Every structure is written in C-alpha cells, then in structure tokens.
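*Asks:* Give me a model of this one.
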Amino acid sequence: MVDLVSASGRPRSSDRHALYVSFVLHLLLAGLLLITAFGDTAIAATYYVDAVNGSDSNGGTSVAPWKTMDKVSTSSQAGDTIIIKQISAATFYPYGSSAQPWPGGRTYKAGGTTQWGITWTFDQNYTIGRFANGDYWVVGPVTIIAIDPPSTKDLTTGRTINGSMLNITPQKDAKQGFDSVAPGYDSSYNVARPNGNDLGVSNLLVIQPNHSLVSSISVAGGGQIQDAAVLTILGSAPPASSFRPSWAGTDKTIKHNVSDLDYSGLSSLTPVASTPRLKQLAGDKQSDSVERMFERLWIDFQFSLGNTHPSNNMPAYGANMAQQMGDAALVLNLNYSNSEKQTLMIRLVRLGIDFYPWKNRISAINLSFEQISVIKQLCPKVEAVVGRIAHLLTELSR
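*Replies:* Have a look, this model is predicted:
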C-alpha cells in the first residue's frame, strides 16, 4: 500500500500538486459538459439592424445598430435574435432580389413589415419571418396600429379606398372590402377601418393566430385594385422554407415545404424562339417574364369581382390568367436546370396551394383547375405538360 501522507500527517507536496491538478481537470471537464449541453443558449446574442440610421461599422447594439442584412450574415450566427428597428424597404426588400437574403437560423423581431408598397405597423416588436416565396408571417396575436396607405373614406365622394380583408371565402355572390367603387363592396368586410373609423392607436386592429390579412392599394380615380399583399398571423414560427397557407378560409396549417418539391415529373424540352423569358429582371412589369407573372399575390374569389384583381399582381381576365398559367407550365418543362426552375416552381405551387381548397367552387372563382381545363381545350398539344403541373399542384396541396 502506497503511503500518500508525510510524517506530519499532511499530504506530501508532490501529492498535493497531483490532487490540485486532478481537481482543476474535473472543473474543466464539468465546464465542457455544461458548454456542450447549454452552449447554444449561453452564447446566443441579440443584435439590432436599422437600415435608415445604422452603420455596418457599428457594434450591432440598440444604440449603435448595423445597417444591412449583409452584416447580419457575417457577424451573427444561428440562434441569435435580430431586432429590426425601422420598417424600411431597404430591409424588407423583395424576396429574390440581388440583396443579401435574411440569414437563416436567427429569430427576427420587428414592429411591423412592408411588402409591395403596403406597410403594417404593430404596437410592439413581434417575431416575424418569411415564407418560401417571400410573403411575411408574424407570431400573434398581433395588434396593428396602422396600415399604410391607410383605408380612408372621402367625405365628399363617399369612396372608401385601400381596404383589407381577413380570411376571404371564395363563393358565389361574395362581397369585398377593398374599394367601395368596385362591385360587391360591403364595409363590414373592410377590417382596415375598425368600427367604420380610421385605424389608429385609439382604434386598433387585433388579429388572433390562424388568420390571413390581405391589404390593398386602390387605383386613384377608379374602382380598381392595383396592389395587394398578405400577412399571415400564426401561433408559432413555421419551419424554414415553408409554403404559406392559402389566404382564403380559416385553415392556416403549415403543410408543405420547399424540400417537398419533386422535379422528376417535368420534361426537359428545347425552347423555341418565341419562348417567354423565364428569369425576372429589375423593373419587370407583370407580364414581362414568367417569374414576374407569379411573383405577387393573385386574388380571385368571385366571378364578377374582376375589379379586385390587383393590376400589378395578376391579369384582369380569366383568358389572360389561363395564358400565363400555360406559359408557366410550358417553361417548367423546358431544359432549364432544377435550380433555374426553383423560383417559378415555388411561386406556381404557392398559387396552387392558394386555390386548391376551392377547386370545387368553379362558379365562384376563375383560376386553378378551371384555368387548366381552358388551357387543355385551347392547346391540345400541351395537355400532357399541363397535366403534369396539375398533378404536381394536386399532390402538394393535399
């Protein structure tokens, strides 16, 4: 038996050193285990972005915020929280633009969002994010204190403009709450004017989870909608790259993801000289490229409400919708790579998800399977191509 004790009854110096080293090693091991178990929580940080007053040479604090999402990408990491201080188009730029995308894995919070010229302002910061196509979601319930441009009622003409609707239901003789000059207007459907008055801090719009808020911009001097965007209010943050649930109805279940896309049913045909341009370019109008045709929200919920088709988002008439659907179906079957097809695939599948729940209400809507039927009748040679797209939309919308 080894004697570790000196004659004085105290551990020898060399043994005391060994015990000390052993103690330190155990502390280091315990610390390592704690870091492994709780590292993500321990190192998570909060940073601030302000596209108006920030600078990427700042430290990313509340008083010295960063300016761009480029800086967020290079100087933050997954698990961090990013507070967006200004509701600026420089931060909420169109999805798919040349600007740096919002880096994944972070939690984003803001006092509002903006898209296609429409801005929703909240009473405080809420967790927000983007669906696969770039439309925004917010974790609610959420209190909205302003929608810009505001929905106002002209006291002279009596016209109400820039309305918003919740969970639109496509049906025969449906009413709309966007513009009082357009057919079918009913002020009770316009939630942008709570209690029939201007929205504001003393007249709030509180929206519970599982709702879709569709807001619009009216054409000046006429009963037509020119722009529309949708904000989806959820009970919790959806998985990254999720497809937005339909703006219509009350089912806001997150069912599909970009990872579900299956390109195997598409062909790889050689384009001809008259093939429409696939890729969207800056400044494209609605019909200039196939990607641009489906970039924005299509609203179609009652056959006679063509004035509520936003002119910057979609065609006004069913025949033109059918033509654009046919163009998209054909282009997806050309010899582009899957990565080149992805943006259009996401946008077209999103459109299918929007309208698939209402496929049996042909008398109420103009789009989806009715349009595909029209394409088949007008263009028999592309029936197989359109059939593939119809099958794809059906499978992804189940």
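
*Asks:* thought Ile145 was touching Gly200?
*Replies:* Yes: when contacts are counted by C-beta atoms under 8 Å, Ile145 is listed as touching Gly200 (6.5 Å). C-beta: built from backbone N, CA, C; applies to glycine.

*Asks:* Which of these two has more residues huddled nearby?
*Replies:* Residue environment comparison for Ile145 versus Gly200 gives the larger neighbour count to Ile145, 18 against 12, counting by other C-beta atoms under 10 Å.

*Asks:* For the more buried one, give me its contacts.
*Replies:* 121-123, 199-201, 204-205 (C-beta atoms under 8 Å, 6 or more residues apart in numbering).

*Asks:* can I get those in TSV with secondary structure, distance to Ser62 and pLDDT?
*Replies:* Conversion of the contacts of Ile145 to TSV gives the following (DSSP: H, G, I helix; E, B strand; the rest coil; distance: C-beta to C-beta, whole Å; pLDDT from 0 to 100):
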residue	secondary structure	distance to Ser62	pLDDT
Thr121	strand	19	98
Phe122	strand	18	98
Asp123	strand	19	98
Leu199	coil	28	97
Gly200	strand	27	97
Val201	coil	23	96
Leu204	coil	26	98
Leu205	strand	28	98
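
*Asks:* any low-confidence regions in the stretch 201-350 of the chain?
*Replies:* 303-304 (pLDDT under 70).

*Asks:* in it, which spans are helices?
*Replies:* Per DSSP state H, counting those that start in this stretch, the stretch 201-350 of the chain carries helices over the ranges 290-293, 318-331, 338-355.

*Asks:* Show me what the second one packs onto, helices and strands only.
*Replies:* So that's helix 318-331. Contacting helix 318-331 under the criterion 3 or more C-beta pairs under 8 Å, 6 or more residues apart in numbering; DSSP states H and E are the following elements: helix 290-293, helix 338-355, helix 369-378, helix 383-396.

*Asks:* returning to what we had before: return the most buried member of the helices of the stretch 201-350 of the chain.
*Replies:* Among the helices of the stretch 201-350 of the chain, the stretch with the highest mean neighbour count (mean count of other C-beta atoms under 10 Å) is helix 290-293, at a mean of 24.

*Asks:* Could you check how far it is from the centre of its chain?
*Replies:* Relative to its parent chain, helix 290-293 has a centroid offset of 17 Å by C-alpha atoms, centre = their mean, to the nearest Å.

*Asks:* residues making contact with it?
*Replies:* Applying C-beta under 8 Å, 6+ apart, the set of residues contacting helix 290-293 from outside is 96, 276-280, 284-287, 314, 324, 327-328, 331, 343-344, 347.

*Asks:* ok, 6 Å please
*Replies:* For helix 290-293, the external contacting residues (C-beta atoms under 6 Å, 6 or more residues apart in numbering) are 276, 278, 280, 284, 324, 327-328, 331, 343-344.

*Asks:* Compare the contacts of Ile145 and tell me which has the most neighbours.
*Replies:* Taking other C-beta under 10 Å to define a neighbour, the member of these with the most is Leu199, carrying 23 neighbours.

*Asks:* List the buried residues for stretch 170-178?
*Replies:* Of the residues in stretch 170-178, 170, 174-178 count as buried by neighbour count, 16 or more other C-beta atoms under 10 Å.

*Asks:* Could you measure from the residue nearest to the spatial centre of the chain over to Gln115?
*Replies:* Residue closest to the mean C-alpha point of the chain, counted by C-alpha atoms, centre = their mean, is Asp135 at 2.2 Å. Using C-beta to C-beta, to the nearest Å, one gets 7 Å for the distance from Asp135 to Gln115.

*Asks:* Sketch out the low-pLDDT regions of the stretch 51-200 of the chain for me.
*Replies:* Applying pLDDT under 70 to the stretch 51-200 of the chain flags residues 95-100.

*Asks:* Show me the strands in it, by range?
*Replies:* Remark: strands of the stretch 51-200 of the chain, listed N- to C-terminal, are 81-84, 107-115, 118-130, 136-139, 142-148, 164-166; assignment by DSSP state E, counting those that start in this stretch.

*Asks:* Export these to JSON lines and append columns for distance to Glu291.
*Replies:* Rendered in JSON lines, the data for the strands of the stretch 51-200 of the chain read as follows (distance: least, C-beta to C-beta, whole Å):
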{"stretch": "strand 81-84", "distance to Glu291": "27"}
{"stretch": "strand 107-115", "distance to Glu291": "17"}
{"stretch": "strand 118-130", "distance to Glu291": "17"}
{"stretch": "strand 136-139", "distance to Glu291": "19"}
{"stretch": "strand 142-148", "distance to Glu291": "27"}
{"stretch": "strand 164-166", "distance to Glu291": "27"}
